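**Q** Could you work out the structure for the sequence below:
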Amino acid sequence: MTFFTSIYGGLGQGLLYALVAIGIFLTFRVMKHPDLTCEGSFAFGGALAMTLIFNGVPAILAMLVAMFGGAAAGFLTGIIHTKLKIDGIVVGLLMTMALFSINIFVMGSSSISAPMENFIFTPIRQLFSNVFGMEPFYAHLTSHIFMGLIVVGLIITGLYFLYKTSFGLSIRATGSNELMSRANGVNTDITKITALVLSNAIIALAGALIVQHQSVADVRSGAGVLVIGLAALVIGEVIMPKNANFLVKFLCITAGSIIYFVITSLIIVSGLMSADATMLLTAVITLAALCAPKLKGLYRSRRKKSGSNGNGTTGVTDTSKTEQVASANGGAE
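**A** Purely as a prediction, here's the structure:
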């Protein structure tokens, strides 16, 4: 039962954190731009949402405000990077540092919590508990899964159709070849800023959901988010088929996030590692996912070599081909 609960809880967590992995994918993979603003925008989104919920603002409205806050952070990062020509990594670090102080100003302290009755998950939990007769604990976990499916589904659908438009194609072209895109009349500054706005808005939305999942917003809640998002992204890319379209890529990234959290939950529950070693576990899982394609390629190459050298298979094939050529020449003469 404990393992089942871990898998069930990991599924809900994975869906919520999938938004972080998708946001990182938009900058790291599509734009080829390592944006480090994500940790700051994640905490900023959580701080805005929890503060507004604490002051009686409906959770849905608070989450929308959190998205606008993350979009503003991404916009500032993009403006400073494109107009002032400052390195993107440096800008991301500076923005994260600035948001740390801004989060304290927004919350009024280093952490803040609000009554669970005001969270976005509460009506869904009550629905599953009162209408379907589900136990309160599992109704709570199911509400995370249900809301995660809705939000991730909406984000993936919107991004899929956006990146099929001409403007979306220009964003992708900028990431593939910026000089060629500029030569073809694409305003690469606008595409870069737009990608950063979208990425940080989605990550801030993830922060707004996670703080409600954890029932508290902390000024340090963004620490390690980049590593977790990269781990989910790498796992998703391992299971991603070649030449996949954007819809399949987003689904694989979501699956990668779920796999990461399920594996982490199972390892912690089994007692192999404590919850304090989560970052070490994340590093190990990410390294394993990065090494998986290379190990798979080595295994295939060794199988080919052993197949060509074993039992004289290659020799028999070459001999049969020689006999066929000789007979053909003899017939021609």
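**Q** quick one, what contacts the nearest residue to S170 once chain neighbours are set aside?
**A** Distance criterion Cβ to Cβ, 6 or more residues apart in numbering; nearest residue to S170, sequence neighbours excluded, is V186 at 4.7 Å. In short, each C-beta sits where N, CA and C put it, glycine included. V186 sits next to 170, 173-174 when contact means Cβ atoms under 8 Å, 6 or more residues apart in numbering.
**Q** Helix, strand or coil: sort out V186 for me.
**A** Using DSSP: H, G, I helix; E, B strand; the rest coil, the structure places V186 in coil.
**Q** what are the ranges of the strands in this structure?
**A** Here the chain has its strands, by DSSP state E, at 111-112, 217-218.
**Q** Now do the last one: which elements does it pack against?
**A** Read that as strand 217-218. With contacts taken as 3 or more Cβ pairs under 8 Å, 6 or more residues apart in numbering; DSSP states H and E, strand 217-218 sits against helix 38-54, strand 111-112.
**Q** how about these in a markdown table, adding mean neighbour count?
**A** A markdown table is the format used below for the helices and strands packed on strand 217-218 (neighbours: other Cβ atoms under 10 Å):
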| stretch | mean neighbour count |
| --- | --- |
| helix 38-54 | 29 |
| strand 111-112 | 18 |
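**Q** Of all the ones you listed, which one is nearest S215?
**A** Ranking the helices and strands packed on strand 217-218 by proximity to S215 (Cβ to Cβ) places helix 38-54 first, at 9.1 Å.
**Q** Helices of the stretch 1-150 of the chain, start to end?
**A** 2-25, 38-54, 59-83, 88-107, 121-126, 136-162 (DSSP state H, counting those that start in this stretch).
**Q** Only alpha carbons, please: show the shortest one as CSV.
**A** Once side chains and other backbone atoms are set aside, the C-alpha atoms of helix 121-126 remain, and they are given as CSV (Å, rounded to 0.1, in the frame of the first residue of the first chain):
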residue,chain,number,x,y,z
PHE,A,121,-7.5,21.6,-5.3
THR,A,122,-10.1,21.9,-2.5
PRO,A,123,-13.3,21.8,-4.6
ILE,A,124,-12.0,18.9,-6.6
ARG,A,125,-11.0,17.0,-3.4
GLN,A,126,-14.4,17.6,-2.0
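**Q** Now that helix: buried residues?
**A** Within helix 121-126, the residues that count as buried by 16 or more other Cβ atoms under 10 Å are 121-122, 124-125.
**Q** before we move on, back to that, what's the most buried one of the helices of the stretch 1-150 of the chain?
**A** Among those, helix 38-54 has the highest mean neighbour count (mean count of other Cβ atoms under 10 Å), at a mean of 29.
**Q** Compute the inter-axis angle for that one and helix 59-83.
**A** Orientation note: helix 38-54 sits at an angle of 150 degrees relative to helix 59-83 (axes from the mean of the first three to the mean of the last three Cα atoms, to 10 degrees).
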